[in-house]
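S.K.: Provided below are the primary sequence and the corresponding predicted coordinates.
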Amino acid sequence: MQRRDFLKYSAALGAVSALPLWSRTALAAERPALPVPDLLTADARSRIKLVVQAGKSTFGSFTSTTWGYNGSLLGPAIRLRRGKEVNVDIHNTLPEETTVHWHGLEVPGAVDGGPQGVIAPGASRTVTFTPDQPAATCWFHPHQHGKTGRQVAMGLAGLVLIDDDDSRKLRLPQQWGIDDVPVIVQDKRFTAGGEIDYQLDVMTAAVGWFGDTLLTNGARYPQHAAPRGWLRLRLLNGCNARSLNVAASDKRPLYVIASDGGLLAEPVKVTELPMLMGERFEVLVDTRDGKAFDLLTLPVSQMGMAVTPFDQPQPVLRVQPLRIAASGTLPDTLVNMPELPALDNLTRRQFQLSMDPMLDMMGMQALQEKYGAQAMSGMDHGSMHHGSMGQMQHGGHGFDFHNANRINGKAFDMATPLFAAQKGRDERWVISGEGDMMLHPFHIHGTQFRILSENGHAPAAHRAGWKDTVNVDGGVSEVLVRFNHDAPQAQAYMAHCHLLEHEDTGMMMGFTVA
Ligand code: C2O
Ligand code: CU
Ligand code: CU
């Protein structure tokens, strides 16, 4: 390492927020540096302050109204320690109600921030909890019923990093914003005037809200200068409705070390990493060859998501290795993953995800009208056979899509939890998406579960660890869940499709735990 580089590097370690200063020389001037969310830890009184606020953000050539936590877009990365109590003071300065949900955290229903945890405009709420789960990359976002999709699209999302002793011992890359880098991927659409162009309508209720612009930590195709060695990327698919397929432009392998709920038993080498909405994966990438490469998302076969420019690979992040050496390693083994218990005598619950056939038909029609045949390309969608366009237009008159997505035949009803689970007991949940051709990333609050099967197949190796979201795509998926905290009727846990417009139009259920 050259002395000059070393000095710059040391200075950067002391002032993480000033990071781009030292790396700027290595970066092309025309590309934005990757914005790195501030690390936020609890103060001496174990308090963390979050202000939900509106502001302005610049995306290349235009400026938009956006929402964020403690800033105008996205939020800080909140670092919590396993076993250490934290008090989060949340102040809502928005002109509308919101909630703050801790996605992936095993916390009681009372502080989970689901649709019942409403914070009025101008009001504050303090939640207190003690994380007791393995080290993981989780996130927080609004859960205001019927408005979640819009509030997330406006920019509300932040990371939660849980730390524990096991993960610290591993010598994984852990220099925040240097070789331990958050990568929040979201697509957006803007109006001609440069504002975020969100609609909840019959088309988005059917296929979801999607955009034509990909943002990484809120920036378009940014670049990151990383020390040479192992680079840790904490990936979050923060899109409302778009599934991703992450890969390196030169096909170099990604070593998956963690899924939603924490570290895997051992690293899993992949060259493509499909990611559902809401999912997190941590990957290590080898940059010892010193060559620059792009992180990409490859085209996916999901209804509506092949619309230009997503019919081609889209760049997520340019990685530019530096001359200085990184210090983290890729271990051969990571953590102990408990054996699955015997499944025979467990409580078994069945859930059928469904979409009103009228919504399916009208949504497909609207998609085709707006985007042409391309929107349907690669799709073998059955709904066009269900009826003629004439019937559709006639029958569709006055159709209300707001309750047209359902679980076991019912749209979400805040007042009526569907069942009561027993605290501390394993259960086997069978979730079926047979009957439509839609992708439903099914997410459960209050737990990290294990996937037993996904659409009829054994889970891929990197999906066999701790998860809070499972793929339900025209088939049947089974998970092994357990809840370790209470969730009373007034603060029930939620389970729902994480395609946010499906969630907002009914594909969600509450349940209690005692
Ligand atoms: Cu990320 Cu109930 O949500
Ligand atoms: Cu959640
Ligand atoms: Cu869905």
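M.R.: On my side now, so go ahead. Ligands and ions are numbered 1, 2, ... in the order given.

S.K.: C-alpha only now, for contacts and for neighbours.
M.R.: OK.

S.K.: residues making contact with the helix or strand containing residue 502?
M.R.: When elements are assigned from DSSP states H and E, residue 502 belongs to helix 500-504. Helix 500-504 is touched from outside by 145-149, 200, 204-209, 240-241, 402, 405, 496-497, with contacts defined as CA atoms under 8 Å, 6 or more residues apart in numbering.

S.K.: residue 322 contacts residue 290, correct?
M.R.: Yes - with contact defined as CA atoms under 8 Å, residue 322 reaches residue 290; the gap is 6.9 Å.

S.K.: out of these two, which sits in the more crowded spot?
M.R.: residue 322 (22 against 16; other CA atoms under 10 Å).

S.K.: now do the SS call for the closest residue to that one other than its chain neighbours.
M.R.: Using CA to CA, 6 or more residues apart in numbering and skipping residues adjacent in sequence, the residue nearest residue 322 is residue 227, 5.0 Å away. Secondary structure assignment for residue 227 (DSSP: H, G, I helix; E, B strand; the rest coil): strand.

S.K.: next, give phi and psi for whatever residue of the stretch 301-450 of the chain ends up closest to ligand 2.
M.R.: Residue nearest to ligand 2 within the stretch 301-450 of the chain (CA to the ion): residue 445, separated by 4.7 Å. Here is the backbone geometry of residue 445 (degrees, to the nearest 10): phi -80, psi 160.

S.K.: got a list of what it touches?
M.R.: Taking CA under 8 Å, 6+ apart as the test, what residue 445 contacts is 103-106, 112, 468, 493-495.

S.K.: where's whatever residue of the stretch 351-500 of the chain ends up closest to ligand 3, which helix or strand?
M.R.: Per CA to the ion, residue 440 is where the stretch 351-500 of the chain lies closest to ligand 3, at 3.6 Å. Using DSSP H and E, residue 440 sits in strand 439-444.

S.K.: ok, then the element right after that strand?
M.R.: For strand 439-444, the following helix or strand on the C-terminal side (DSSP H and E) is strand 450-453.

S.K.: ok, residues contacting that following strand?
M.R.: With CA under 8 Å, 6+ apart, strand 450-453 has contacts from 458-459, 463-467, 470, 476-481.

S.K.: which among these gets closest to ligand 2?
M.R.: residue 467 (11.2 Å).

S.K.: ramachandran angles for the closest one?
M.R.: Per-residue torsions, residue 467: phi -140, psi 150 (degrees, to the nearest 10).

S.K.: picking that back up, narrow the contacts of residue 445 to those in strands?
M.R.: Among those, the members falling in strands (DSSP state E) are 103, 493-495.

S.K.: out of those residues, which are close to ligand 2?
M.R.: Among the ones in strands among the contacts of residue 445, proximity to ligand 2 is found for residue 103 (CA under 5 Å from the ion).

S.K.: among the ones in strands among the contacts of residue 445, which one lies nearest to residue 132?
M.R.: The shortest approach to residue 132 among those belongs to residue 103, at 14.3 Å (CA to CA).

S.K.: list the contacts for residue 375?
M.R.: 303-307, 367-368.

S.K.: and it, how far from residue 218?
M.R.: 26 Å (CA to CA, to the nearest Å).

S.K.: try residue 427
M.R.: 39 Å.

S.K.: looking at these two, which one has more neighbours?
M.R.: Using other CA under 10 Å, the more surrounded residue of residue 427 and residue 218 is residue 218, with 24 against 20.
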